[in-house]
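Undergrad: let me see the structure of the following:
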Amino acid sequence: MELSKQFEDKGYVVLDSFFEQDEIEQIAYIVDRIYGQWQGENLHALIEQQLINMHSLTHPHYFQGCRHERLQFFALFAPRKLTGPLAHLFNTHIYFHNTQLFFNPHSQEKRPYWHRDL
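TA: As a prediction, this is how the structure comes out:
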């Protein structure tokens with residue numbers, strides 16, 4: 001189904017198998033590193049508040065000493081193969097406002113999922 005038709009009919013678009021396995025692995029590598037840093041900085045809140053939302057994965061704080069990795073991260077989750085069709089679909093420029101990882105650190109039953117706000 002054409003993206004604009006799918007969006008018009010359903011109000012959302014699903015892109016099955018969009019990322020290649022190597023792209024997923026590269027994204028996971030960076031997210032895992034950021035998560036480790038975030039976890040160390042927020043251990044008290046993880047325990048006391050059972051945090052389930054890790055936001056601002058693209059914040060410069062997580063890329064001190066490896067600025068090139070931040071640019072690589074943006075390029076990985078916002079490749080032209082995604083931003084091109086989205087810009088066409090919405091007939092506007094696309095920019096990212098935020099990145100978040102939702103998870104339950106106290107339960108392995110709910111798999112983490114990541115999303116970005118446009």
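
Undergrad: which parts of the protein are helices?
TA: Counting by DSSP state H, the chain has helices at residues 3-10, 21-41, 43-49, 67-77, 80-90.

Undergrad: quick one: mean pLDDT for the third one?
TA: Which is helix 43-49. For helix 43-49, the mean pLDDT works out to 69.

Undergrad: for the chain, what helix or strand is lowest in average pLDDT?
TA: Here the helix or strand of the chain ranked lowest by mean pLDDT, DSSP states H and E is strand 113-117, holding a mean of 55.

Undergrad: for this protein, which spans come out with low pLDDT?
TA: By pLDDT under 70, the low-scoring segments of the chain are 1, 46-53, 97-118.

Undergrad: buried ones in stretch 24-44?
TA: Across stretch 24-44, burial judged by 16 or more other C-beta atoms under 10 Å covers 26-27, 30-31, 34-35, 38. Where you see a C-beta, it was placed from the backbone N, CA and C, and this is true even at glycine.

Undergrad: could I get the residues you listed as TSV with distance to residue 81?
TA: Listed next are these as TSV, based on distance: C-beta to C-beta, whole Å:
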residue	distance to residue 81
26	15
27	14
30	19
31	20
34	24
35	26
38	28
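
Undergrad: next, give me the two most distant ones among the residues you listed.
TA: Maximum pairwise distance among the buried residues of stretch 24-44 (C-beta to C-beta): 18.8 Å, between 26 and 38.

Undergrad: ok so, going back, so for residue 61, which of the helices of the chain sits nearest?
TA: Minimum separation from residue 61 across the helices of the chain (C-beta to C-beta) falls at helix 21-41, 8.5 Å.

Undergrad: elements contacting the closest one?
TA: Contacts defined by 3 or more C-beta pairs under 8 Å, 6 or more residues apart in numbering; DSSP states H and E place helix 21-41 against strand 53-55, helix 67-77.

Undergrad: how close does residue 82 get to residue 59?
TA: Residue 82 sits 21 Å away from residue 59, taking C-beta to C-beta, to the nearest Å as the criterion.
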